[in-house]
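>>> Here is my input, please return the structure:
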Amino acid sequence: MDDIRIKSRDPEGDDLVVLLGFPGSGLVGSIALSHMTGELEFQHIGNITSKFFPPLAMMVDGIVNAPMRIYQKDRYIIIISDVPIHPMICYEVAGSILGWLSQFPVSEVVVVAGIVTTDAEKRVFGVATNTPGLDMIRDKTEILPMGSITGIAGAILTECTVDDVKAIGLMGESVNAPDPRAAASVMAVLNEMYAFNVSIDPLIEQATEIEASLQQMAEQVEQAEQQPLKKENLQMYG
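Residues are numbered from 1 along each chain as shown. Predicted structure coming up:
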């Protein structure tokens, strides 16, 4: 698709594994793979842009980054997006990425995302596009027996199914807020699957800080609600 531009060096190596993370529930995919990219010192090899992405520039230490980036180390490729993908273009973005990847010897695709539940156990749920993929995660995740996966994660998994590409979906049990603890749970599964040995302690520390901030905000709101309403605080009209 001409409206989605992929400018990258060709990935090197054989039997490539592609991991993708996009903003979604709890920002699980973005947080987990960004942490992994930094700790394992992946090399930035390319960018993905589109006129359909929000018109913004992401900056880190004064350096402008493209909103969607491609990294590689050894046989592993990571694609991370800092911007949400609108539902109207999910299949176009998924098709463009997988079309580009089809030029290279990709053995499997892993989509990292979040899933909101009513529990707080930080489980990792798994799905796959075929039985060999399911066998890889059967003893490492809770297999989703039924349901749907929406957004770009669902679009990529669907396109992989249609194209007969082995793909795995790892979804961390999350909340509707940045959730490094859920990202840590998914990272633990990735460590077990691929022996990455990525430390999850920094993610747990981030989670503790965020949870403390949220708790402080909740207490402030509760205190404000308990304050008696004074007549002089009311705005008078007339």
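>>> quick one, what contacts the residue nearest to the spatial centre of the chain?
The centroid of the chain falls nearest to Gly29 when counting by C-alpha atoms, centre = their mean (1.6 Å). By C-beta atoms under 8 Å, 6 or more residues apart in numbering, the residues touching Gly29 are 20-23, 80, 111-114, 153, 186. For the C-beta atoms, the positions are set from N, CA and C on the backbone; glycine is no exception.
>>> Number of residues surrounding Ala155?
Counted with other C-beta atoms under 10 Å, the neighbours of Ala155 add up to 23.
>>> and what of Pro84?
Pro84: 16 neighbours (other C-beta under 10 Å).
>>> ok, now how distant is the nearest residue to it once chain neighbours are set aside from Thr49?
Among residues not flanking Pro84 along the chain, Pro23 sits closest, at 4.7 Å (C-beta to C-beta, 6 or more residues apart in numbering). Distance, Pro23 to Thr49, using C-beta to C-beta, to the nearest Å: 16 Å.
>>> Comparing the two, which residue is more hemmed in?
For Pro23 and Thr49, the more surrounded residue by other C-beta under 10 Å is Pro23, and the numbers stand at 21 against 14.
>>> from memory the more buried one sits against Val83, does it?
Yes. Using C-beta atoms under 8 Å, Pro23 is in contact with Val83, at 6.7 Å.
>>> Could you list the buried residues of the lengthiest strand in the chain?
With secondary structure taken from DSSP state E, the chain has its longest strand at strand 106-116. Residues of strand 106-116 classed as buried by neighbour count (16 or more other C-beta atoms under 10 Å): 106, 108-115.
>>> Check stretch 78-94 too.
So stretch 78-94, judged by 16+ other C-beta under 10 Å, has buried residues 78-85, 89-94.
>>> From Leu98, how far off is Glu159?
For Glu159 relative to Leu98 (C-beta to C-beta), the value is 5 Å.
>>> Spit out the residues that contact the two alike.
Jointly contacting Glu159 and Leu98 under the rule C-beta under 8 Å, 6+ apart are Val165.
>>> What's opposite Leu16 in the beta bridge?
Taking DSSP bridges as the rule, Leu16 bridges to Val106.
>>> what's near enough to touch the residue nearest to Pro84?
Contact analysis of Pro23 by C-beta under 8 Å, 6+ apart lists 29-30, 81-84.
>>> before we move on, what about Val28?
If you count contacts by C-beta under 8 Å, 6+ apart, Val28 has them with 21, 112-114, 171-172, 174, 179, 182-183, 186.
>>> The same query, at a cut-off of 7 Å, please.
Contact analysis of Val28 by C-beta atoms under 7 Å, 6 or more residues apart in numbering lists 112-114, 172, 174, 179, 182-183, 186.
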